[in-house]
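Novice: whatever this is, show me its structure:
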Amino acid sequence: MGALRSTPVRVGFLMLVVVLAIYAVVSQWNDIVTAMAGMSPLLLLGSLLAGFAYVLLTMFAWRVLLADMGTTLPLAAAFRVFFISQLGKYMPGGVWNILAAAELGADHDIPRRRSVSVMAVTVIVSIVTGAALAVVTMPFASERLRESYGWVSWTLPVFVVMLLPPVLNRLLALVFRLTGRPPLEHPVSWSGIGACTAWTLVAWAVAGVQVWLLAIGIGMTGSPATLALCIGGYAMAWTVGFLIVFVPAGAGVREGVLGLVLAGSLTTGGVVAVVLLSRVVLTVADLSMGGAGILAARQGHSRERTLPE
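Specialist: Numbering: from 1, shown residues only. Predicted coordinates:
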């Protein structure tokens, strides 16, 4: 942890995750160009705007839970901490964004155990709501998808129980006791979980719109049914991709699941085009928000150095 606090390690970490994220786009560039050939510019722009809105909504979900657990972070500071830390998703392991949030949050006097707890609970909320939407989607999905991912239905109750504040607070207390850390000063409340869940559900809906607009551009029929399929399908794809922790940002896994969801509504080529474009749209949103956060942080440090003592 001491090494993570050093400036060279932080800079090196940021450079590495940015390079990995850019590689995720460049390595599939030819397929991406082919997929975009017949795409309406307006639908592509709409999808890109929905992608930015989605990642912004995830920050609001995290921030409201952070406030519930004891730290009300100004919006500008929350933007920097959250979006810079989220670049860690592009490293294998599934924990780097959580560690980055803890270190960046410490710069704003947020106890590391609080940062880790907030990010972990936010992820659990995402898994529970994503799995719930996936269960709702199952009846409209292909038989192959229901056979392959039926386990989502029976694992959902486990995550729901974990999310209940009386259970969740005991689990967090147990983790801190086993690791020799002091307990949290502010336990998670029902209102905090409720607010975080509400923001997360809105985020899933917007993420589904992002996929839906791309799918319409490739040939899917635009209807409430296909919109619902895209919302639940993306939520399922993200949830499964996150649980496969050894790949960065669910790469490959997320696309595979989303492809199965869309298989009944698009041609094989259309499915490939949509999942590739969706990955690019969200990667661009992550990189742009993370880059803006890095730039804002550098400007803040420059102003601090120029202030008279």
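Novice: CA only for contacts and neighbour counts going forward, please
Specialist: Will do.
Novice: can you get me a residue count around residue 135?
Specialist: For residue 135, the neighbour count with other C-alpha atoms under 10 Å is 23.
Novice: chain center to the helix or strand hosting it, what's the gap?
Specialist: According to DSSP states H and E, residue 135 maps onto helix 112-137. With C-alpha atoms, centre = their mean, to the nearest Å as the basis, helix 112-137 stands 10 Å off its chain's centre.
Novice: which other helices and strands contact that helix?
Specialist: Helix 112-137 is packed against helix 41-68, helix 96-106, helix 151-163, helix 190-218, helix 224-243, with contacts defined by 3 or more C-alpha pairs under 8 Å, 6 or more residues apart in numbering; DSSP states H and E.
Novice: weakest of those helices in terms of mean pLDDT?
Specialist: For the helices and strands packed on helix 112-137, mean pLDDT drops lowest on helix 151-163, to a mean of 74.
Novice: what's the first helix or strand after it?
Specialist: helix 165-178.
Novice: CA atoms only for that following helix, dumped as CSV, please.
Specialist: Only the C-alpha atoms of helix 165-178 are listed here, as CSV (Å, rounded to 0.1, in the frame of the first residue of the first chain):
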residue,chain,number,x,y,z
PRO,A,165,-28.3,-3.6,5.4
PRO,A,166,-28.5,-5.8,8.5
VAL,A,167,-26.7,-8.6,6.7
LEU,A,168,-24.4,-6.3,4.7
ASN,A,169,-23.2,-4.4,7.8
ARG,A,170,-22.4,-7.6,9.6
LEU,A,171,-20.5,-8.9,6.6
LEU,A,172,-18.4,-5.7,6.4
ALA,A,173,-17.8,-5.8,10.2
LEU,A,174,-16.6,-9.4,9.9
VAL,A,175,-14.2,-8.6,7.0
PHE,A,176,-12.7,-5.7,8.9
ARG,A,177,-12.4,-7.7,12.1
LEU,A,178,-10.6,-10.6,10.3
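Novice: buried stuff in that helix?
Specialist: For helix 165-178, burial by neighbour count (16 or more other C-alpha atoms under 10 Å) applies to 165, 168-169, 172-173, 176.
Novice: could I get the helices and strands packed on helix 112-137 as CSV with mean neighbour count and distance to residue 79?
Specialist: Output for the helices and strands packed on helix 112-137, formatted as CSV (neighbours: other C-alpha atoms under 10 Å; distance: least, C-alpha to C-alpha, whole Å):
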stretch, mean neighbour count, distance to residue 79
helix 41-68, 20, 7
helix 96-106, 22, 11
helix 151-163, 15, 25
helix 190-218, 22, 16
helix 224-243, 23, 22
